[in-house]
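Asker: My questions concern the predicted model and sequence given below.
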Amino acid sequence: MILDKSLIEQHNQANQSLHKKKFEALSAVLSGEGHDVKTILEKIAAFQIAIPSWALGTGGTRFGRFAGGGEPRSLEEKIEDVGLLHALNQSSNSISLHIPWDIPKDPKAITQLAASFELGFDAVNSNTFQDQADQKESYKFGSLSHTDKAVRDQAIQHNIDVIRHGVDLGSKALTIWLSDGTDFPGQQNFRRMFERTLDSIQQIYAELPADWKVLVEYKPYEPHFYSTVIADWGTSLLFCNKLGEKAVGLVDLGHHLPNTNIEQIVSRFLMEGKLGGFHFNDSKYGDDDLTVGSIKPYQLFLIFNELVEGMSSPEIKNPELSWMIDASHNIKDPLEDLLQSVEAIKIAYAQALIIDRPALEKAQAENDATLAQEIMQNAYRTDVRALLAEARQQAGAALNPVAFYRESKIREQLVSQRGAKSFATGL
Ligand SMILES: [Mn+2]
C-alpha cells in the first residue's frame, strides 16, 4: 500500500505541542553540555538500517508458527512493506534479500519498484542451511565444509549465483552465514572442516566484483549442537584475514553465548579494520529473535559507544559498515516490531553521540572508574527520544511511527488487501 503523506502531516500536527516542549527542553540540556544539536540531528537522520526480506512475516519457532495476517505474499509486497516502514520513519532505505526465498524474476522491474519507494538493495544472503526442492545434493551433513566435493561445488555455485542476483540489483555485498557444524563429538575433524570451508569460500571470493565485500557471520551453535565451523568472532576474523581485503566480519548480536562481551568484540574487529556490519536483534538466553533493545539496551549502548569512538578515531581504518536487522517475529506484528527495533538502534546511537568523550578519556587516563561510569551513564540515562522524533519530522516522517501505524489501521488495511491467512513467502 502507498501511504498518503498528508496523514503523516496531520499526525505530526496533532502531536506538535508536546513534542516541541520535549525537544526544546532536551536541546537546552544538550547545548548546555556543549553538544551541537544540529549536527547530532543530521547524524541521526543519516543513519539508515536495512530491513531483511525475511523479517516481514511472522517467523515462529521449530514448534510452530502463528501467522499474523496481511503478510506479504511476494517479493513485490515485501518491498512495499519496507517502503511503508521507510515512509513512517525515514530510517530504512534498503532491503536485504535472501536467496532463494526472494529471487527477483525481473530484476529491472524489482529495482524500479524499490526505487519508487526510495529503496536500494543491501547485502544479499545465501542459504545452504536447508535443501531446496530442485537441488541434486543434500546439505544434511554440511555445505561449504562437506566431505563430498560435489556438495561443496553445489554450495559454491549457489553463492556465486547469489552474487549475480545481487549485481543485477545494485547490491554490494554477500553475507555468508554458514550453518555447517557437527552434532556429536568425533563426527568430523575440526581442522579439515575449516580447510574445506576456506577452500570453498576462496572460490566464492574469487567471483566477487571489485567493489563488493563478503560478510562472514559467526554463530556458536544451532542448527548444530556440538560444533559450528564459524563459531565465533575469532574464527570469522581468521577466515577474513586468510581470504583478503574484501572479507569482513559480521556481528549478529544474538550469535553469542550468554554474557559475552560483544562491545569488546566490536572494538577488536574495528581495531583490525575488519568490521563489516551488524545483524541487530536481542536475546535473553541464546537465540536471536527478540526485538532490538528489548532485553539488553545498555549493552546496545555500549556497542554503539565502541562504534562511535572507533569510527571517529583517526587511527581506525575500517570500511563503511552495513547495518541490518536480523530477527524473526513470533508473536508481534512484524512491522511494529521493526519500527521498535529501528528506534532502539537509533536511541543507542544518539546516546553514544552525546558521551562526553574528552572527559571520558581523561577519566580513563587517571584510572577514575567512578567518573568513567558517571560519564557513560549520564549519556545512557538521557532520554534522547525527542531528538529522534525531531529528526524524523524534519525528514517528513512520523513523530511517533508506532502510534501512527495503529491510528491509521495499516495492518487492518494490509489484511483486507492480502487476507487474514496470508503467509510471507520463504520462511
Ligand atoms: Mn544473522
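Answerer: Now that the structure is in, tell me what you want to look at.

Asker: near the ion, which residues of the stretch 151-300 of the chain?
Answerer: Those residues of the stretch 151-300 of the chain that sit near the ion, judged by CB under 5 Å from the ion, are Asp252, His279. Bear in mind the C-beta positions are built from the backbone N, C-alpha and C, glycine included.

Asker: at 8 Å what do you get?
Answerer: Thr175, Trp177, Glu217, Lys219, Leu250, Asp252, Gly254, His255, His279, Asn281, Asp288 (CB under 8 Å from the ion).

Asker: Okay, and the beta partners of the third one?
Answerer: What it means is Glu217. Trp177, Leu250 (DSSP bridges).

Asker: In the stretch 101-250 of the chain, what residue spans correspond to strands?
Answerer: 120-121, 124-125, 173-177, 181-182, 213-217, 227-228, 247-252 (DSSP state E, counting those that start in this stretch).

Asker: what element comes up after the last one heading to the C-terminus?
Answerer: Tracing the chain C-terminally past strand 247-252 and defining elements by DSSP states H and E, one meets helix 262-271 next.

Asker: Around the ion, pick out the residues from the stretch 301-427 of the chain.
Answerer: Met324, Asp326.

Asker: List the residues that contact the residue in the stretch 301-427 of the chain that the ion sits nearest to.
Answerer: Closest to the ion within the stretch 301-427 of the chain is Asp326: 3.7 Å, counting by CB to the ion. Applying CB atoms under 8 Å, 6 or more residues apart in numbering to Asp326 gives the contacts Pro52, Ala55, Asp252, Gly254, His279, Phe280, Asn281, Asp288.

Asker: and with 6 Å instead?
Answerer: For Asp326, the contact set (CB atoms under 6 Å, 6 or more residues apart in numbering) comprises Pro52, Asp252, His279, Asn281.

Asker: what number of residues lie near Pro209?
Answerer: 11 (other CB atoms under 10 Å).

Asker: which residues touch it?
Answerer: Contacts of Pro209 by CB under 6 Å, 6+ apart: none found.

Asker: For Asp102, which of the strands of the stretch 101-250 of the chain is the nearest?
Answerer: In terms of CB to CB, the element of those nearest to Asp102 is strand 124-125, at 9.2 Å.

Asker: which two from the contacts of Asp326 end up farthest apart in space?
Answerer: Farthest-apart pair in these is Pro52 and Asp252; separation 11.4 Å (CB to CB).

Asker: Ramachandran angles for the spatially most central residue of the chain?
Answerer: The chain has Met324 as the residue nearest its centroid, 1.9 Å off, counting by CA atoms, centre = their mean. Dihedral pair for Met324: phi -150, psi 150, per degrees, to the nearest 10.

Asker: what sits opposite it in the beta ladder?
Answerer: Here Met324, judged by DSSP bridges, has bridge partners Ala50, His279.

Asker: one step back: could the contacts of Asp326 be laid out in CSV, adding pLDDT and neighbour count?
Answerer: Output for these, formatted as CSV (pLDDT from 0 to 100; neighbours: other CB atoms under 10 Å):
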residue, pLDDT, neighbour count
Pro52, 96, 24
Asp252, 97, 22
His279, 97, 25
Asn281, 97, 25
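
Asker: Dump the strands of the stretch 101-250 of the chain into JSON lines; add distance to Thr39 as well.
Answerer: Converted to JSON lines, these look like this (distance: least, CB to CB, whole Å):
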{"stretch": "strand 120-121", "distance to Thr39": "25"}
{"stretch": "strand 124-125", "distance to Thr39": "34"}
{"stretch": "strand 173-177", "distance to Thr39": "28"}
{"stretch": "strand 181-182", "distance to Thr39": "45"}
{"stretch": "strand 213-217", "distance to Thr39": "28"}
{"stretch": "strand 227-228", "distance to Thr39": "42"}
{"stretch": "strand 247-252", "distance to Thr39": "27"}
